[in-house]
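K.L.:
return a 3D structure for these sequence lines:
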Amino acid sequence: MSQKTIIITGGAGFIGSHVVRRLVNKYPQYTIVNLDKLTYAGNLANLSDIEKKPNYIFEKGDICDTSFVKALFQKYNPDAVIHLAAESHVDRSITNPLDFVMTNVVGTVTLLNVAREAWEGAYDSHRFYHVSTDEVYGALGEDGMFTETTAYDPHSPYSASKASSDHFVRAYHDTYGMDCVISNCSNNYGSHHFPEKLIPLSINNIKNNKPIPIYGKGENVRDWLWVEDHARAIDDIFHKAATGTTYNIGGHNEWKNIDLIRLLCAIMDRKLNREPGASAQLITFVTDRAGHDLRYAIDATRLKEELGWEPSLQFEEGLERTVDWYLENEAWLEQVTSGAYQKYYEQQYS
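P.N.:
As a prediction, the model looks like this:
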């Protein structure tokens, strides 16, 4: 396999760190440049196991900074970009929508502009891979699934910003002939997840006997995808997908929030040697999120039929592994929840 230099944006985040780790370990002939701004969700400790690898490089910077991104392209002359950097928490988007416009829309277009200029005349040998979300499709009723041709219908500032970035990526493919691919994934779960999202937040709260907040009545349905399966899908799509294509990535794994949390409580009771049902008493219903989509469900048939990918784990097994990781990595969780993890960059790179 030929040598490549790949810039991975957001590589210190939850999904990004799993993608970086996979590509660094699987493709030693590649140079992987991790570009991350190190906001609250970017944590270099997520990659401490590979940071000394000869084919791994970290660069701290902002994807909205055109001068910085141009200098990075000149420095590394990348063959490809895998773009994961994004503001991703819906609650935060409701409070500060402009932050999401800047990172998710302006940041994406900045990357596209720099890549277009740098790769002009050689688009066939360079790839821009944009990683997106199923939330761009809006909400489903009790039936049906999102396919790659489902019309966009975003309902939150987060999903609207991701929908906009998707449109820009397709526009740069159609207008300029750039080699662009997109994937839209369902909810991810697994290790190294910042504890603001449902599963890691609930694990942390159960561990510390704090209330587990559940929106509304917990009836919202999500399709859950193990993050390492997602990284494997990104690997497949990056290497095998035809230019201009879009793939949905899902876990074939729908759960109501309340049923998921009850399962998680039962697992935690067993792991922490608590009485069965003890952790479930922490469940606390709170006022529903504004514009809360009822149900998401991904049809990943195209990805299986064309590229041979399918999920490797049943959800119960993946959730057990996830719980085990958090319980075995209490120091990581303590650093993240206290904010001390933000000192890692200064300690390692000053």
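
K.L.:
from what I see, F168 and V105 are in contact.
P.N.:
Yes. Applying CB atoms under 8 Å as the test, F168 and V105 come out as touching, 7.2 Å apart. Any C-beta I mention is one placed from the backbone N, CA and C, and that applies to glycine too.

K.L.:
against S2, how distant is the nearest residue to L294 once chain neighbours are set aside?
P.N.:
Ranked by CB to CB, 6 or more residues apart in numbering and with sequence neighbours excluded, the top spatial neighbour of L294 is A139, at 5.2 Å. As defined by CB to CB, to the nearest Å, A139 lies at a distance of 43 Å from S2.

K.L.:
more neighbours, these two?
P.N.:
A139 (17 against 7; other CB atoms under 10 Å).

K.L.:
quick one: the helices in the protein, in order.
P.N.:
According to DSSP state H, the chain carries its helices in the segments 14-26, 66-76, 90-95, 97-100, 107-119, 157-176, 198-207, 227-240, 257-271, 301-307, 315-328, 330-338, 344-349.

K.L.:
helices or strands next to the fourth one in the packing?
P.N.:
In terms of contacts (3 or more CB pairs under 8 Å, 6 or more residues apart in numbering; DSSP states H and E), helix 97-100 is packed against helix 90-95, helix 157-176.

K.L.:
can you give me the offset of stretch 223-243 from its chain's centre?
P.N.:
11 Å (CA atoms, centre = their mean, to the nearest Å).

K.L.:
so D62 versus I206, what's the distance?
P.N.:
Distance from D62 to I206, by CB to CB: 36 Å.

K.L.:
those two: which is more packed in?
P.N.:
I206 (27 against 17).

K.L.:
wait, that one sits on A266?
P.N.:
No. In this structure, I206 is not within contact of A266 by CB under 8 Å, at 10.6 Å.

K.L.:
what is in contact with these two at once?
P.N.:
Residues touching both I206 and A266 (CB atoms under 8 Å, 6 or more residues apart in numbering) are S279.

K.L.:
any regions of the stretch 1-150 of the chain where pLDDT drops low?
P.N.:
1 (pLDDT under 70).

K.L.:
point out where the stretch 151-300 of the chain drops to low pLDDT.
P.N.:
Along the stretch 151-300 of the chain, no part satisfies pLDDT under 70.

K.L.:
ok, and what's touching stretch 297-309?
P.N.:
By CB under 8 Å, 6+ apart, stretch 297-309 touches 134, 140, 144-148, 184-186, 221, 223, 225, 232-233, 236-237, 240-241, 247-252, 254, 310.

K.L.:
give the buried residues for that stretch.
P.N.:
A297, I298, D299, A300, R302, L303, L307, W309 (16 or more other CB atoms under 10 Å).

K.L.:
same deal with stretch 318-331?
P.N.:
Residues of stretch 318-331 classed as buried under the neighbour-count rule (16+ other CB under 10 Å) are G318, L319, E320, T322, V323, W325, Y326.

K.L.:
and which of those is nearest to N273?
P.N.:
Relative to N273, the closest of those is V323; by CB to CB it sits at 13.5 Å.
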